[in-house]
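In: return atomic coordinates for the entry below.
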Amino acid sequence: MSSEEVKMRYGFAMTAFARMYGVKTVNASYKLHKFCHLWAESDEETPDGTITDVNFFFKDRWDTWGEVM
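Out: Residues are numbered from 1 along each chain as shown. A predicted model of the protein is given here:
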């Protein structure tokens, strides 16, 4: 995966969290930045569907392994 693809995936994940929690909260959270960066570099497929589907995808991932980082 190219660095440009990682950058786009990172932004995609960060946007989902910003929609759910607000920009200020997300920007202030080191753990969310780290989580999104790790996800962006992973081989996991990018979710599709509605914005709500995407938000729940990332919320589920965060609930499963985001807090243990």
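
In: secondary structure element for the residue positioned nearest the centre of the chain?
Out: Nearest to the geometric centre of the chain sits Ala13, at 2.7 Å (Cα atoms, centre = their mean). Under the criterion of DSSP states H and E, Ala13 resides in helix 3-21.

In: helices or strands up against that helix?
Out: Packing partners of helix 3-21 (3 or more Cβ pairs under 8 Å, 6 or more residues apart in numbering; DSSP states H and E): helix 23-27, helix 30-41, helix 51-61. Yep, even glycine has a C-beta here, placed from its N, CA and C like the rest.

In: contacts for the shortest one next, please.
Out: Okay, so that is helix 23-27. For helix 23-27, the external contacting residues (Cβ atoms under 8 Å, 6 or more residues apart in numbering) are Met14, Phe17, Ala18, Leu32.

In: may I ask which of those residues has the most neighbours?
Out: Taking other Cβ atoms under 10 Å as the neighbour criterion, Phe17 ranks highest of those with 23 neighbours.

In: number of residues surrounding Trp62?
Out: Other residues near Trp62 number 21, with proximity taken as other Cβ under 10 Å.

In: now do the contacts for it.
Out: Trp62 neighbours (Cβ under 8 Å, 6+ apart): Phe17, Leu32, Phe35.

In: could you double-check that the last one sits in contact with Gly66?
Out: Yes: proximity of Phe35 to Gly66 meets the contact threshold set by Cβ atoms under 8 Å, at 4.7 Å.

In: which residues touch the residue nearest to the centre of the chain?
Out: Per Cβ under 8 Å, 6+ apart, neighbours of Ala13: Phe35, Cys36, Trp39, Ala40, Phe58.

In: tell me the confidence at the closest residue to the last one other than its chain neighbours?
Out: Spelled out, that is Phe58. Sequence neighbours aside, Ala16 is the residue nearest to Phe58 in space, at 4.4 Å (criterion: Cβ to Cβ, 6 or more residues apart in numbering). pLDDT, Ala16: 97.

In: out of the contacts of Ala13, which two sit at the greatest distance?
Out: The span of the contacts of Ala13, defined through Cβ to Cβ, is set by Ala40 and Phe58 at 11.5 Å.
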